[in-house]
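Q: Provided below are the primary sequence and the corresponding predicted coordinates.
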Amino acid sequence: MTSRLRAAAGLALILWVGWFAGPADAGDLKDTIKNLYGPQGILLQPTPLPFFTQESRFQASSLQGLDQLNDQLTSAIGVPSFNSSVTGFTFDIERGIPVQTTESLGPLLAERATTIGARKLDVTFTYTRVNFTKLQGKDLKDLELVFLRDDANGNGIRDTAGPFRFESDVIRAKLSVDLTEDIFALIVTYGLTSEWDVGFVLPVTHIRLFAKSHAAIFDQFGNPGGTRIGDLPVHQFGPDSTQPDASGGGDETGLGDIILRTKYNFLRNYDGLIPDLAFLVEVKLPTGDEDRLLGTGGTNVAGLFIASKTYGRWFTPHVNFGYEIDTKDTRENSLRFAFGFDARLLPELTLGADVIGRYKPDGTGTGDHVVDLSLGVKWNPINSLILRANVQIPLDKNSGLRADFIPTVGIEYLF
Amino acid sequence: MPILTTRTARLIFAACLSAAAVHGLHPVEAAKIVALKSADVDVYNEVLEGFDSSFPRTTISEYDMEGDFQKGRKFLARLKSGSRPDLILAIGIWALQVVVEEIRDIPVVFAMVLNPTTVIGQEAHNITGASMNVPIEQQIALLKKVSPQVRRIGVIYDPSKTGFLVRQAERIARDQGVRLVTKAIASSKDSFAALDAMQGEIDALWILPDLTVLAPESVQYMLLFSFRNKIPLLGLSENQARMGALLGLSFESGRDIGSQAAELANAILSGKSAGELPITAARKVRLTVNLKTAGKLGLQIPNEILEQADVLIR
């Protein structure tokens, strides 16, 4: 690689980071849903005597419910997988000529064991669009939260009959959430030796979160308006209460969580059926502002074993398996896996398919077991340039925060 | 994208300035050398390192043709129209091929080329270099050392590719008291019949660096032939020894081939003509011995060879 090209790549990197790594705004996009009805939750219209004071009776439940949904949503926003291709030449000692390192351009999201080669530099830009549509299988445009009233007479239960039957009234909040992410990632991989790669992923994220909600009061039988005493509703919205319709949100752009990675290919080209083997270590740094939903706020460390083998110079199945530790919340520790193949269908065209998943043995219940299918193509129009496109499709939409599909396009150059 | 690099240019330039100031410039030190690399592979980079280390005070401009002949030709056209170098180093066979086509009047030293005479025409008097071929003498001697019973060595070859090599080998074998049993083939499919015809006629089999012979099915059949007939097979690499050949003999390192090329370049820059300097074979070799195969063939490998081996497959 020329020093000129190296310098250009370095300059582009500095500009890239400098442009997006500005100071964070004060607004906390992370708390959009939590603060939808204001920091105090839902307060009802104060009622005159002889009723009990009712305005704050749903406050605790609404705060808790909104907080929980907020956490479910925001903790599930993650960083998609990234990798780099393997291209270039290796040397065929018997024939005395260089040959393509492999006949396939590599998988799109999973990893294969081979490295890019000594002193090679792979630079990739990708754009990923994530339009989240489901949370735990529920449509984000049609979420419902039910807030329960607290105990008025102190008997420890919510009465369903008698003078305190209004304790069984509920507030149902219908929420519509619009959550999208545009992720621009710079992925750089450098071959320190022919077996050892180092690299990083530098994501810049634009995230947009808007939520609107309509709250209404119901009695225990589902009748709108809640329990009435005589003609008077016990619980009601009014001019001095929180308004039943609320909306909020915004968008943020900035540096996401930077990922540092290194891969060591400790077994290659062994005879027989023994695959190429490698170990990958990945560290995700909390460089993205968690409050602005640009990062997860914690450092994650992952180790992955990778096995792959090329058959017939065009077909490469691969398996990745490992464990990721979330140093901020160990309940988020997860087993990661991926298996699939990449196949060079034409000299310049590779098709890849993968099943990618993660399982959190001690998870919090949201997105504990996520499995996606990834399908994509890589096109190599000229020597070291690769164009890539793939789509990630959730195989289980009932787990976690999911999009119907996640498209990614990218351009890659091997120096 | 064309890649023109100046390896360690600043350091070398500084070193040149210092050296010139102290000692005065020697013609060799002031030479302009351009290295044309066939592709960016480790072994070619090693060649360049080996070459560089012999020219510590010379700036060597490096160009990677990235396996693209058109790119190589364009680069050489630019080179000819601009400031001409004193010497071109062609690394790998592809670089040599484009240099042979394009360059007639600039001295050329090649390195890491297998069977270079198949590329260089008789009329090319400006070219010499360091091939990656292992000396034939060494290969025949090795087979004899492994088994003193070896009197007849079988080779299959494509006359259009390695006819010249077989003619040389026949002479050398005669000198060493063995006979070369040769079978010419025109395609890899012919190798089966050719080998079958050698059954009972040979005491050892030798794989030549011949693209027709190196087709996977031919190599597989030679391995099978070796096991069935319990005769040693001499391959071209550690990889072939791992596949089951008794021996694998190849050049030792790209760096050493680079040093050999540098010696030739030095001689040219000191005033000799490239045509006067014979093409060299690898002077250091790497020997792999597959002891599992030796066991299956019922051969006891002499200690001398075991000590000489760089890799023993147990």
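A: Alright, I've got the coordinates.

Q: and stretch A:278-288, what's buried?
A: A:278, A:280, A:282-284, A:286-288 (16 or more other C-beta atoms under 10 Å in any protein chain shown). Quick note: C-beta positions are derived from backbone N, CA and C, even for glycine.

Q: what does stretch B:114-133 give?
A: Buried, per 16+ other C-beta under 10 Å, within stretch B:114-133: B:114-116, B:119-120, B:124, B:126-133.

Q: would residue B:40 count as being in a helix?
A: No: with DSSP: H, G, I helix; E, B strand; the rest coil as the criterion, residue B:40 is assigned coil and is not in a helix.

Q: distance of it from residue B:159?
A: Look at residue B:40 and residue B:159: by C-beta to C-beta, to the nearest Å, they are 34 Å apart.

Q: need the contact list for the residue in the stretch 51-200 of chain B that chain A sits nearest to.
A: Residue of the stretch 51-200 of chain B nearest chain A, by C-beta to the nearest C-beta: residue B:114 (2.8 Å). Neighbouring residues of residue B:114 by C-beta atoms under 8 Å, 6 or more residues apart in numbering or on different chains: A:95-97, B:93, B:131-133, B:209.

Q: what residues does chain B have near chain A?
A: Along chain B, the residues adjacent to chain A under the rule C-beta under 8 Å from any C-beta of the partner chain are B:1, B:3-6, B:38-45, B:66-68, B:92-94, B:112-115, B:132, B:209, B:211, B:214, B:235-237, B:239-240, B:242-243, B:250.

Q: just to be sure, which of those residues are found in helices?
A: Secondary structure assignment by DSSP state H places B:42-45, B:93-94, B:239-240, B:242-243 of the residues of chain B next to chain A in helices.

Q: what about the residue in chain A positioned nearest to chain B, neighbour count?
A: Closest approach between chain A and chain B, counting by C-beta to the nearest C-beta: residue A:96, at 2.8 Å. For residue A:96, the tally of surrounding residues (other C-beta atoms under 10 Å in any protein chain shown) stands at 23.

Q: ok, back up a step: between the contacts of residue B:114, which is closest to residue B:228?
A: Distance to residue B:228 across those (C-beta to C-beta) is lowest for residue B:209, with 24.0 Å.

Q: skipping its backbone neighbours, what lies nearest that closest one in space?
A: Of all residues not flanking residue B:209 in the chain, residue B:114 sits nearest, at 5.2 Å (C-beta to C-beta, 6 or more residues apart in numbering or on different chains).

Q: which phi and psi does the closest residue to residue A:239 other than its chain neighbours have?
A: Using C-beta to C-beta, 6+ apart and skipping the chain neighbours, the partner closest in space to residue A:239 is residue A:45 (7.3 Å). When quoted as degrees, to the nearest 10, the phi and psi of residue A:45 stand at phi -70, psi 130.

Q: unless I'm mixing things up, residue A:45 is touching residue A:241, no?
A: Yes: between residue A:45 and residue A:241 there is a contact under C-beta atoms under 8 Å: 4.2 Å.

Q: what about residue 232, how many residues nearby?
A: Let's take chain A. 11.

Q: that answer is for a different chain, and I need it for chain B
A: 25.

Q: now do the contacts for it.
A: B:143, B:146-147, B:150, B:204-205, B:226, B:246-247, B:297, B:299.

Q: quick revisit: between residue B:40 and residue B:159, which is the more surrounded one?
A: The neighbour comparison of residue B:40 against residue B:159 (other C-beta under 10 Å) goes to residue B:40, with 23 against 15.

Q: surely that one meets residue B:65?
A: No: in this structure residue B:40 lies outside contact range of residue B:65 using C-beta under 8 Å: 9.6 Å.

Q: leaving aside the residues adjacent along the chain, what's closest to residue A:168?
A: Leaving aside its chain neighbours, residue A:168 sits nearest to residue A:220 (3.7 Å; criterion: C-beta to C-beta, 6+ apart).
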